[in-house]
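> build me a model:
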Amino acid sequence: MSALIGQKEYGKVLKRSTYITLITVLFLILIKAIAFWFTGSIVILSTLADSFFDFVITATNFFLVRMSLREETDQHRFGFGKYEALSSFIEAMFIFSVSMFILFLSAQRVISPETIPHTNIALAVMIVSIIVNFFLVRYQSSIIKETESISARAEHTHYFQDLLTNLAVIVAIVLVGNFNLTLADPLFAAAISIYMIYSSIGIFRKSIDILIDKEIDDKLKDEIKQIVMSHPKVDGYHDFKTRQSGSSQGKFFMQMHIEINEHTSLNESHNIVDQVEEQILKEFPDAEVILHVDPNNIVEKKVWND
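You can find the predicted model right below:
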């Protein structure tokens with residue numbers, strides 16, 4: 001199990017990442033708006049709209065992720081981790097909606113094709129966009145490795161799409177400008193939109209899994225089982241249940257019944273539970289752990305995903 005950063009450091013990393021992303025996206029909006037002003041290209045419009053919603057979504061994500069890192073309260077004893085999954089859900093809905101709109105505009109432009117003026121300006125702007133997006137995606141990859149955040153992964157997916165989108169836009173501009181293939185503009189825009197719709201569905205499914213309390217990853221569960229069974233006085237376990245809370249970087253809730261010898265005293269049973277919990281938290285410091293002891297001679301097993 002790789003070392004996971006604490007919640008406090010996790011919040012600082014995501015905050016820094018958000019500021020850098022917002023500044024970058026504002027720059028992209030500016031240059032793409034200039035390109036669209038001169039060209040009127042539908043494929044340029046698609047990437048401009050995408051960047052505009054990038055800014056709105058990233059700002060929304062920043063607010064919701066900050067909410068997810070708040071300490072628990074008397075009325076919210078399980079914390080606010082699901083706000084992060086909610087931010088990813090909203091992002092997926094935005095991506096899907098914008099993509100459908102661009103798909104509709106593309107269909108209209110296929111029916112009534114138009115030429116693109118000032119293709120050189122558009123080409124220069126998109127080359128700059130590709131360079132900026134490339135470095136942003138590389139930076140976000142490092143953030144994912146450090147935090148394993150679902151919201152960071154959603155943003156990385158989207159900005160990687162932007163990188164591919166910009167490459168497709170350049171191809172479309174070259175085809176229109178050099179070969180007068182006016183249909184390339186709406187057809188490439190449509191292809192980009194379809195790809196974005198497909199990607200948004202993946203983000204949507206992941207966020208829904210967390211919002212409806214899907215079990216954590218099987219690999220993490222196997223690690224927890226190994227920790228529990230490594231204790232010499234634990235004979236087995238049952239009723240092992242988990243649920244994730246927000247980020248995928250270690251914040252989750254788990255409960256388990258551990259089985260020990262029926263002749264073990266109450267005090268010793270308590271010590272065994274403390275020792276097992278300590279070992280779990282050593283590997284997963286942000287986990288919330290509930291362990292219950294059952295004597296192994298009266299165990300009524302109810303196995304969940306074991």
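
> would you map out the domains in the protein?
7-211, 218-295 (automatic domain parsing).

> now do the first one, average pLDDT.
Spelled out, it's domain 7-211. Averaging pLDDT along domain 7-211 yields 81.

> which residue ranges form the helices in the chain?
Ranges of helices within the chain are 7-39, 42-68, 82-111, 119-147, 150-179, 184-211, 218-229, 266-283, based on DSSP state H.

> so which of those helices gets nearest Q244?
helix 184-211 (5.2 Å; CB to CB). The C-beta positions use only the backbone N, C-alpha and C, and glycine is treated the same way.

> would you mark the buried spots in the closest one?
For helix 184-211, burial by neighbour count (16 or more other CB atoms under 10 Å) applies to 184-193, 196-197, 199-200, 203-204, 206-207, 210.

> same for it, what does it pack against?
On a contact count with 3 or more CB pairs under 8 Å, 6 or more residues apart in numbering; DSSP states H and E, helix 184-211 meets helix 42-68, helix 82-111, helix 150-179.

> for L26, find the nearest of those helices.
Closest approach to L26 among the helices and strands packed on helix 184-211 (CB to CB): helix 42-68, 6.5 Å.

> angle of the closest one against helix 7-39?
Here helix 42-68 points in a direction 160 degrees away from that of helix 7-39 (axes from the mean of the first three to the mean of the last three CA atoms, to 10 degrees).

> off-centre distance for helix 42-68?
14 Å (CA atoms, centre = their mean, to the nearest Å).

> now for the closest residue to V176 other than its chain neighbours: which residues touch it?
Among residues not flanking V176 along the chain, I116 sits closest, at 4.8 Å (CB to CB, 6 or more residues apart in numbering). Applying CB atoms under 8 Å, 6 or more residues apart in numbering to I116 gives the contacts T39, G40, S41, A122, I173, V176, G177, T182, D185.

> go on, I20?
Shown in contact with I20 (CB under 8 Å, 6+ apart): L136, Y139.
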